[in-house]
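A.B. asks: I would like to see how this sequence folds:
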Amino acid sequence: MRFQSTLLVIALLMTAFAGGWIGESLSSPKVAIAAPPGDLPDKPPSAIEDTPKTMPAGRFETLVQKIMPTVVSVDAIKPALPGAAKNKPTEESGSGVLVQLAGYKGTFVITNNHVVSGSKVQDITVTLNDGRILLPDLVRTDPESDIALLRVTGENLPTAELGDSDSAKSGQWVLAFGSPFGFSQTVTHGIISARDRGQISLGNTIRIKEFLQTDAAINPGNSGGPLVDISGLVIGINTANASTNGYSSGVAFSIPINLVKRIGKQLLDQGAVSRGYIGMQMSSALDPHTALKLGLTRLRGALIESVHTNGPAAKAGLQSGDVIQKLDGLEIRDENHVINLVGMLPPNQKVKLTIWRNKQASAVDLTVGEWPRTK
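C.D. replies: Predicted structure coming up:
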């Protein structure tokens, strides 16, 4: 089953590397200078009175010096694309961050699937800040969430600490690390602009979308680099930006690190990710006009466009035109919200949906199926 989300009319760039990126979008590049907190007014407004409590002693430089050694460049050689000149293989570059994962031995690089997809393990290299080149001995990828884990071995490997993306708030400072346009060890700064962004199109395989939005500059080559909060904790993995021509336009997206943790555990335990599936196509938008026509007074819920024959939704009696309002009592924001929630459910789990049909709410019991995996 393929879910689509097309609320953003603008084209979106997959920031894979400095030349030969995935996707088609791009805006004029901007120079991002990490202005230190010390440059802020001595007596800030009351709205930021707590800034000293959340910023480390010193300036952004302290944070950059801590995180930069953990940021790596990831290069992958891929089979030649159909129609490529002289059948030459392609090269793709991105970024990554060295981490240790609780419960697992070794050091891992977190990056994006689109940076390494299609490459053999021996054709992937990881270059550290100090110039060392490492070869991964294990690669695990999940196309649906655009997450990849590479296990590497080396002496005294620096690692970054993972934070809690669920506690990230709009307006908080963040730094984005990576190798935009091949300029390795680059850092930009900004804030979290919004949470739970899913109304964007990121290619044919990417279905799980619950991004952190940031205005920190993210460009081709930043893919897979860490988004770090002011405490030095990784709260996201940079993935894409939205613009008319692909360069940073102040609208960029990072995968929440809590999603990376959940996906990573399944990848390392099972080698693949198992997801729930209910067998329906969601409408790309529930706009105010449609909501009022259906008798709704709030713009909340996910509108069903079609139901797949013999799927879990069809067996539960769901119909085209129904609006899913709640899943096990949790209010549904939009179509991507229900997709993400269902995707995290194990197959065969029973759930209760609240749906809106004929201008009234009713309850429906449904047994979750298994989402077909991308090969």
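
A.B. asks: how far away is the residue nearest to Met282 when sequence neighbours are not counted from Lys169?
C.D. replies: Leaving aside its sequence neighbours, Met282 sits nearest to Glu335 (Cβ to Cβ, 6 or more residues apart in numbering; 3.8 Å). For every residue, glycine as well, the C-beta is placed using N, CA and C. Between Glu335 and Lys169 the computed distance is 24 Å (Cβ to Cβ, to the nearest Å).

A.B. asks: more crowded one of the two?
C.D. replies: The residue with more neighbours, out of Glu335 and Lys169, is Glu335; 26 against 9, by other Cβ atoms under 10 Å.

A.B. asks: mind checking pLDDT for the nearest residue to Thr111 once chain neighbours are set aside?
C.D. replies: Computed as Cβ to Cβ, 6+ apart, the closest residue to Thr111 that is not its neighbour in sequence is Gly224, at 3.2 Å. On pLDDT, Gly224 comes in at 94.

A.B. asks: what about Gly224, how many neighbours?
C.D. replies: Gly224, neighbours per other Cβ under 10 Å, totals 36.

A.B. asks: how about it, secondary structure?
C.D. replies: Assigned by DSSP: H, G, I helix; E, B strand; the rest coil, the conformation of Gly224 is coil.

A.B. asks: residues contacting it?
C.D. replies: Counting by Cβ atoms under 8 Å, 6 or more residues apart in numbering, Gly224 touches 74, 94-97, 110-112, 115, 148, 178, 237-239.

A.B. asks: Next up, phi/psi of it, please.
C.D. replies: phi 90, psi -10 (degrees, to the nearest 10).

A.B. asks: Distance of it relative to Leu330?
C.D. replies: 31 Å.

A.B. asks: Surely Arg357 touches Ile324?
C.D. replies: No - between Arg357 and Ile324 there is no contact, the gap being 10.4 Å when judged by Cβ atoms under 8 Å.

A.B. asks: neighbour-wise, which of the two wins?
C.D. replies: Set Arg357 next to Ile324 and count neighbours by other Cβ under 10 Å: Ile324 wins out with 25 against 17.

A.B. asks: pLDDT below threshold where in the stretch 1-150 of the chain?
C.D. replies: Within the stretch 1-150 of the chain, the segments meeting pLDDT under 70 span 1-58, 82-86.

A.B. asks: one more time with 80, if that's ok
C.D. replies: 1-59, 80-87 (pLDDT under 80).

A.B. asks: And the strands in it?
C.D. replies: Along the stretch 1-150 of the chain, the stretches classed as strands by DSSP state E, counting those that start in this stretch are 12-14, 22-23, 71-78, 90-99, 107-111, 124-127, 133-134, 138-142, 147-152.

A.B. asks: Report pLDDT for the closest residue in space to Ser254 that isn't next to it in sequence.
C.D. replies: Of all residues not flanking Ser254 in the chain, Gly236 sits nearest, at 3.1 Å (Cβ to Cβ, 6+ apart). Looking at Gly236, its pLDDT stands at 95.

A.B. asks: Export only the CA atoms of the helix or strand hosting Gly236, formatted as PDB.
C.D. replies: For Gly236, the host element (DSSP states H and E) is strand 233-242. Extracted C-alpha coordinates of strand 233-242, given in PDB (Å, rounded to 0.1, in the frame of the first residue of the first chain):
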ATOM      1  CA  LEU A 233      22.000  16.200  22.800                       C
ATOM      2  CA  VAL A 234      21.100  14.800  19.300                       C
ATOM      3  CA  ILE A 235      17.300  15.300  18.900                       C
ATOM      4  CA  GLY A 236      17.100  14.800  15.100                       C
ATOM      5  CA  ILE A 237      18.700  13.500  11.900                       C
ATOM      6  CA  ASN A 238      18.700  16.000   9.100                       C
ATOM      7  CA  THR A 239      16.900  14.800   6.000                       C
ATOM      8  CA  ALA A 240      15.500  17.400   3.600                       C
ATOM      9  CA  ASN A 241      14.600  21.000   2.900                       C
ATOM     10  CA  ALA A 242      11.700  22.600   1.100                       C
END
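
A.B. asks: from here on, count from 29
C.D. replies: Sounds good: first residue 29 from here, last item strand 261-270.

A.B. asks: Quick check: buried residues in that strand?
C.D. replies: Buried residues in strand 261-270, counting neighbours by 16 or more other Cβ atoms under 10 Å, are found at 261-270.
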